[in-house]
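In: Sequence first, then the predicted structure, then my questions.
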Amino acid sequence: MNAITHLTQNNIRNSVDTASFRDAMSLLASAVTIITTDGPNGRHGFTASAVSSVSDTPPTILVCVNRTSSSHAHLFAHGRLAVNILSDSHDTLSGRFATSRLSMDERFSEGDWKRGAGGLPVLGDALASLECRIADIAEVGTHTVIFGEVETINLQPGSGKALVWFRRQYAAL
């Protein structure tokens, strides 16, 4: 039995309210990324800051995706995703991919989008783009945690400062 199951079975309840949790997480600076996929259902993409390295052997990352995201089902239908790590010049582009008011064609109509070595949409001037195969998933609360095994990397480290999300606004680092 794992610790989470054990805690649940003992009826230990979480007393943290949503607003306090969100306030605390706003103080955790996060890299801003655009997650993309392509396949039978067409190109899809969204802005995400819940992305992290998991392991370098094999190279694996995790991406947290809200199950209500319009791209959620397409990621699994395609089985692959790209993580585009944004520079500070991409704040407007990040905003485009963060809104549900724009169609996918409208989102991809701006930016230097190319086909990566693995065939996925990658941002040509991103600090880095990682094309991944979905290796595993976990369902947690309102989100799906996707574990992606990195298959190709395109690095452009000299293309600007990192775009980060801190205190509910963009900052450069």
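Out: The structure has been received and is ready for your questions.
In: drop to CA atoms for contacts and neighbour counts, all remaining ones
Out: Will do.
In: what comes into contact with stretch 115-130?
Out: Residues outside stretch 115-130 that contact it (CA atoms under 8 Å, 6 or more residues apart in numbering) are 36-38, 43, 81-87, 111-114, 131, 150-160, 162.
In: so what's Ile34 bridging to?
Out: Here Ile34 sits in beta bridges with Thr47, Asn84, going by DSSP bridges.
In: quick one: pLDDT of it?
Out: Looking at Ile34, its pLDDT stands at 97.
In: what does Leu7 give?
Out: Here, the pLDDT recorded for Leu7 equals 43.
In: about what we covered before: just the ones of the contacts of stretch 115-130 in helices?
Out: Counting by DSSP state H, none of the members of the contacts of stretch 115-130 fall within helices.
In: Report the buried members of those residues.
Out: Buried members of the contacts of stretch 115-130, counted by 16 or more other CA atoms under 10 Å: 36-38, 43, 81-87, 131, 150-151, 153-154, 160, 162.
In: where do the helices sit along this structure?
Out: If DSSP H is used as the criterion, the helices of the chain fall at 3-9, 18-25, 72-78, 91-98, 104-108.
In: right, and Ser159 touches Ser87 too?
Out: Yes - counting by CA atoms under 8 Å, Ser159 touches Ser87, with 7.1 Å between them.
In: need the contact list for the residue nearest to the spatial centre of the chain.
Out: With distances taken as CA atoms, centre = their mean, Ala48 lies nearest the centre of the chain, 3.8 Å away. Ala48 is in contact with Val32, Thr33, Ile34, Ile35, Val63, Cys64, Val65, Ala98, counting by CA under 8 Å, 6+ apart.
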